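Enquirer: curious how this folds, go ahead:
(3 chains)
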Amino acid sequence: MEKELRLMKGNEAVAEAAIRAGADGYFGYPITPQSEILEYLMVAKPYETTGMVVLQAESEVAAINMVYGGAGCGKKVMTSSSSPGISLKQEGITYIAGAELPCLIVNVVRGGPGLGTIQPAQSDYFQATKGGGHGDYHLIVLAPASVQEMADFVGLSFDLAFKYRNPVMMLSDGAIGQMMEKVWLSPQKERSKTVPEWATTGKPPTRERNIITSLDLDPNAQERFNQKLIDKYNLIKEKEVRYEEFQCDDAEYLFVAYGTSARVCQKAVQLCRADGIKVGLLRPITLFPFPSKRINELADKMKLILSIEMSAGQMVEDVMLSVNGKVPVYHFGRMGGIVTAPDEVVEFLKSKIIGG
Amino acid sequence: MTEEIIIAGFGGQGVLSMGKIMAYSAMMQDMEVSWMPSYGPEMRGGTANVIVIISSDRISSPIVRNFDTAIILNQQSLDKFENAVKPGGVLIYDGNGITRHPERKDITIYRVDAAEEAGKMNSPKTFNMIVLGGFLKVKPLIKLENVIKGLKKSLPERYHNLIPMNEKALERGREIIKKV
Amino acid sequence: MTEATGIKEIIKPENLVYKRTKIMTDNVLSYCPGCGHGTAHRILAEIIEEEGIQSQTIGISPVGCSVLLYNFLDIDWQEAAHGRAPALATAIKRLLPDKFVFTYQGDGDLAAIGTAETIHACNRGENILIIFINNGIYGMTGGQMAPTTLVGMKSSTSPYGRDVKLMGNPLKMTEIVATLPGTYYVTRQSVHTAANVKKTKKAMRKAIQYQKLNKGTCFIEIVSNCPSNWKMTPVESNKWMEANMFPFYPLGDLKVPAEETTK
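Expert: Residues are numbered from 1 along each chain as shown, chains lettered A, B, ... in the order given. Model prediction:
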């Protein structure tokens, strides 16, 4: 079957890709700037075609717990929200991580803290990559930078989630969610009929009962479980790092940026090179696991590195840890819902070259 | 070839849908496109603008601060975006309700009185198609046949009977746009 | 008749009146002596065995005294976050509509932190059974005031008795859900006497049958005791429950299917 070309918003692409990836269920609650995902699914009515369940929950808290229930049955289930809603979901997310359930959570980030703004931001990086809720855990975090990737990463997220029995977050933002671009959609996949051996589907006489839980009152057993999670995260760090390099071969300066900021920085690279400044861009596609090793290698031939993100400086901490003092690392980016402009990035780099 | 365009006016003037039709049309011509709206909490009545980028190559930033073309449909937008046009770029505006006209000398300025014309044609909803027709006269990036294809793609089927009227509006825009 | 032959006579299969249900595991119950949870568990286990639905059943356990419920019944379980069991049950039932899905929740879980999940699952008419154990106190955390604690009743966070001006009124959750169009069968029972155990078991059997009809939420409240936190002996606690809890939380059906009332 051939791929289909459409012009779509990033949010719509997530919804359509979920249907086509053979998702079993979506549970969500409206919040700007991602409500198109639920709206699109309600118009598409996949429950009449693929059998995918779509439900508007009474709250983000309920929605993420519906995801827990569905994932516990071994189903491909997902939710989406934007920053304030993702904060509400953190309770459910840590339980999902603790019960080792696969699922997809899409965060179309807006500026914060609090109610903040409805405009795009990247200020949920810490929350997404360092756990978010209580306890020692990580999500696998993918950062789409185009509408195409909003579609492609849905299937990839489910694959990774089931491979590692771990929740996956797509960390997008209001710009990518709201903008339209061309997108090639994959053909419809059938919903999976295989039931994971750990899923709760009713205990037949042939197996022990399955229990989905994150509780262990025995500290020794709980510590063994914590160690098991760490081992899993280490395996993910070893196997699943994804990034894209843009004109890094002869670069003397490096931008590190993901999502919308990576798009802005591509333009900034072009502007710099037109001015004779040799800049390259490394775009992390996975934020957890972070491409630390590659950034450390690239640091050897750079004069300085700029971490560009629409926040007060969050990813810059991971860039600094990766660079480990080899060269100066700076953060630059707009906040509060303002998308950094390419020429602002160029000006900042120039000021650091002169000042540095 | 890359053309970075901003379309700005009031919500309800068809700003976003004009951009959408532009994007669909360019897609019909196998070009890369991006459509990036600026959105607020209100559904109607506020200012609305959208950045459309049409390119023969992969589009880098969907958000830029300087434009090859600015299509301006009210005074607030003119005040905001006149200086955002790149030197040598194009500014197209509708004179309706404009009290301070564009003043820059290093860009080419066109006027298309689409609101007035749409009134004369007795079809106020084709306003944005008159503007689009004018733009395509000045920047013939997309063939008319692809715009019609784009219209078909972006309009729900029940409105396809309106396409001939929109075609007429596009033609009218080509005729009435004039260099200032 | 010697004593030995007497025992042999008693343990003859035809004289068997009571046996351990297979659905109960060998794990030792974590409840205080005299607590109603154990009886409620046993009824649930018996009914699952008698209806032959072990392979069709998915239970959701709460946070509260019965947090370890999944250790006691030999069925598939999901352990929910505090109050969220009806949200889990919603998704499980919608994704596996042929299964029997139930939640088992205490008063803090269902009527305080999980109020929204309870009301909305019932209001959507999810085809699930919600079992609500109401003993008017937070047991697991050590006897704090619950949403269902009676006026004047002492707890560690209402040490001078529940003062309505200060702490608000006890919440009749079962009465609330009975008003929602999504609920199909709503009843209030207890498990402190053999007669009441029979009635509760009958209610559970109905709920299982009703779930097959896909007509809405079934909701069974079991008014129960908490000897430890009420600071009474089991017998005293049951007497106190009859004298104080039942007048405010009267036993009986609150909503029965229209088909049944006309019969």
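Enquirer: residues touching A:Gly28, list them.
Expert: If a contact means CB atoms under 8 Å, 6 or more residues apart in numbering or on different chains, then A:Gly28 has A:Ile37, A:Leu38, A:Leu55, A:Gln56, A:Ala57, A:Ala63, A:Thr79, A:Ser80, A:Ser81 as its contacts. Glycine gets a C-beta too; all of them are placed from N, C-alpha and C.
Enquirer: now the residue lying farthest from the centre of chain B: how far from B:Pro124?
Expert: Most distant from the centre of chain B: B:Arg158, at 23.7 Å, with distances by CA atoms, centre = their mean. Look at B:Arg158 and B:Pro124: by CB to CB, to the nearest Å, they are 20 Å apart.
Enquirer: need the residues of the stretch 101-250 of chain A near chain B, please.
Expert: Residues of the stretch 101-250 of chain A lying near chain B by CB under 8 Å from any CB of the partner chain: A:Ile118, A:Gln119, A:Ala175, A:Gln178, A:Met179, A:Met180, A:Glu181, A:Lys182.
Enquirer: ok, residues contacting the longest helix seen in chain C?
Expert: Scanning chain C for the longest helix, with DSSP state H as the assignment, gives helix C:194-213. Helix C:194-213 is contacted from outside by C:39-40, C:43-44, C:46-47, C:50-51, C:53, C:100-102, C:127-129, C:131, C:184-185, C:187, C:189-191, C:218, C:220, C:222, C:251, C:257, using CB under 8 Å, 6+ apart.
Enquirer: same check on stretch B:131-146?
Expert: Outside stretch B:131-146, the residues touching it (CB under 8 Å, 6+ apart) are B:1, B:3, B:18, B:21-22, B:25-26, B:28-29, B:54, B:69, B:71, B:73, B:90, B:92, B:94, B:108, B:110, B:112, B:114, B:147, B:150, B:167, B:169-174, B:176-177.
Enquirer: list the buried residues of the longest helix of chain C.
Expert: Judged by neighbour count using 16 or more other CB atoms under 10 Å in any protein chain shown, the buried positions of helix C:194-213 are C:Asn196, C:Val197, C:Lys199, C:Thr200, C:Lys201, C:Ala203, C:Met204, C:Lys206, C:Ala207, C:Ile208, C:Tyr210, C:Gln211.
Enquirer: got phi/psi on the closest residue to A:Ile285 other than its chain neighbours?
Expert: Closest residue to A:Ile285 apart from its sequence neighbours, by CB to CB, 6 or more residues apart in numbering or on different chains: A:Arg242 at 3.8 Å. The phi/psi pair for A:Arg242 (degrees, to the nearest 10) reads phi -130, psi 140.
Enquirer: returning to what we had before: and the furthest pair within the contacts of A:Gly28?
Expert: Maximum pairwise distance among those (CB to CB): 14.2 Å, between A:Leu55 and A:Ser81.
Enquirer: quick one: which of the two has more around it?
Expert: The neighbour count for A:Leu55 versus A:Ser81, taken as other CB atoms under 10 Å in any protein chain shown, is higher for A:Ser81 (26 against 22).
Enquirer: follow-up on the earlier one: quick one: buried ones out of the contacts of helix C:194-213?
Expert: If we count by 16+ other CB under 10 Å, the contacts of helix C:194-213 have these buried: C:39-40, C:43-44, C:46-47, C:53, C:100-102, C:127-129, C:131, C:184-185, C:187, C:189-191, C:218, C:220, C:222, C:251, C:257.
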